[in-house]
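*Asks:* what follows is a predicted protein model with its sequence.
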Amino acid sequence: MGEDGGKRKGAPAGAASAQNKKKKTGNSGKWQTPHQKAKVNLDGVPQQGDIGIWVTCARHQENKAAKETAALFEQYATKVYGIKEEEAGEDDDDDEDDIEAAIHKEVAALNAKGGDGDAKRTFTIMKMNVDCLLFVKTRAPINPIDFVRRICIDAKDGSEPGQIKCRYVNRFTPASVMGKATEEGLLEVARQALSPYFDLGGKRAAAAEEKGEQTNTDAVEAKADGAASTVDAAAAAPTPASAAEQVQSRTSTTAFTFAIRPTIRNHSKLKRDFVIDQIARLVNDDVHKVNLTAPDKVILVDLYQGVCSMSVVDGDWDELKRYNITEIYGLAAKRKASEREAKPEKAVAEEAEAEAEKEG
């Protein structure tokens with residue numbers, strides 16, 4: 001055996017150089033490119049009690065979608081509420097570095113830290129640790145439900161020629177109540193989001209009463225008053241046919257029909273069927289009926305990682321392409337094209353009618 005037989009040979013010079021190069025990239029973020037810094041400024045996590053708007057976008061285009069969203073939302077904040085944010089610097093579309101710098105500057109302006117900046121910002125953009133997803137935290141007077149619907153209606157009708165167009169944004173989903181993505185958190189969020197629209201005396205409330213979790217004051221008083229009071233109470237009880245009217249009169253709640261539309265991503269604890277069942281059991285089905293084809297109200301439930309949000313939107317949600325702004329643009333373009341094609345035919349028909357009247 002040669003003298004080199006029992007010794008380990010050192011790695012080639014090229015391999016050692018490659019290993020050193022690898023180490024330079026794994027420095028725990030001590031050195032970052034401007035592109036990486038722009039991404040870090042987008043990072044954030046929605047918290048319990050936040051309200052805002054979920055934004056889905058094209059894959060790997062979160063930064064550009066954030067810029068588009070900021071511009072569109074600021075435009076409508078000024079238009080609808082008279083709110084005007086500080087303007088970010090202009091960007092140069094011909095230079096990729098300038099684009100990244102502009103994104104970094106604009107997002108940094110939106111998400112500036114320190115002092116009472118957080119309390120004064122109308123919109124705070126957060127990049128979730130989920131592909132193709134952003135969350136825009138809003139503050140008063142922005143109402144996420146009305147705000148998103150207004151944007152989508154204008155895009156559909158084409159009533160705002162100056163509306164900023166989005167290339168990378170897909171869907172807007174309002175989040176009027178935010179909580180934890182647990183069974184208890186889901187129920188807490190549901191009660192807050194649904195109570196302005198629905199009577200929540202459903203099966204879950206009835207089950208809670210049976211288990212003694214709620215106090216039935218009427219039953220206690222009837223028992224104390226004796227058999228005579230019990231008979232009177234039974235005689236005065238509403239018939240099944242008028243139960244919905246009695247509840248509606250007592251709660252001043254309109255008997256909306258509803259559908260539940262959950263979206264679950266990067267979350268495995270709560271399953272779709274369980275979420276639907278838990279929410280449906282809260283609602284009094286004597287008053288509110290399920291209608292999956294043409295509901296008066298749509299309950300939007302979003303579970304992403306550890307957070308759960310909910311909103312109740314109008315039944316035209318489906319007609320407005322489920323608030324998918326890209327699909328709405330396509331719908332508006334098709335309508336305009338058909339109008340252009342129909343216009344000459346209509347003009348010809350009107351001229352023919354005019355000539356017929358002259359001859360007659």
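*Replies:* Okay, I see it. Note that the structure is predicted; figures quoted are calculated from it, not measured.

*Asks:* E327 and D318 touch, don't they?
*Replies:* No - counting by Cβ atoms under 8 Å, E327 does not reach D318; the two are 11.3 Å apart. Just so you know, the C-beta spots here come from the backbone N, C-alpha and C atoms, and that holds for glycine as well.

*Asks:* I'd like the mean pLDDT over stretch 134-143, please.
*Replies:* Across stretch 134-143, pLDDT averages out at 96.

*Asks:* start and end of that stretch, how far apart?
*Replies:* Stretch 134-143 has an end-to-end distance of 18 Å (Cα to Cα, to the nearest Å).

*Asks:* nearest spatial neighbour of A280, chain-adjacent residues omitted?
*Replies:* Spatially, and ignoring its direct neighbours in sequence, A280 is nearest to I260 (6.5 Å; Cβ to Cβ, 6 or more residues apart in numbering).

*Asks:* rewinding a little: so which of E327 and D318 has more stuff around it?
*Replies:* A direct count of neighbours by other Cβ atoms under 10 Å for E327 and D318 places E327 higher, at 17 against 14.

*Asks:* need the strands for this protein, in chain order.
*Replies:* 52-57, 123-127, 133-138, 169-175, 177-180, 258-265, 297-304, 307-314 (DSSP state E).

*Asks:* just send the ones you listed back as TSV, with distance to K203 and mean neighbour count too.
*Replies:* Below are the strands of the chain laid out as TSV (distance: least, Cβ to Cβ, whole Å; neighbours: other Cβ atoms under 10 Å):
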stretch	distance to K203	mean neighbour count
strand 52-57	29	25
strand 123-127	36	21
strand 133-138	33	23
strand 169-175	26	23
strand 177-180	22	20
strand 258-265	15	18
strand 297-304	16	22
strand 307-314	19	23
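
*Asks:* let me see the ranges of the helices in the stretch 151-300 of the chain.
*Replies:* Remark: helices assigned in the stretch 151-300 of the chain by DSSP state H, counting those that start in this stretch are 183-194, 203-210, 217-225, 227-236, 243-251, 272-280.

*Asks:* of all the strands of the chain, which lies closest to E353?
*Replies:* With Cβ to Cβ as the measure, strand 307-314 is the member of the strands of the chain nearest E353 (40.0 Å).

*Asks:* how far off strand 297-304 does that closest one point, in degrees?
*Replies:* Taking axes from the mean of the first three to the mean of the last three Cα atoms, to 10 degrees, one finds strand 307-314 and strand 297-304 inclined to each other by 160 degrees.
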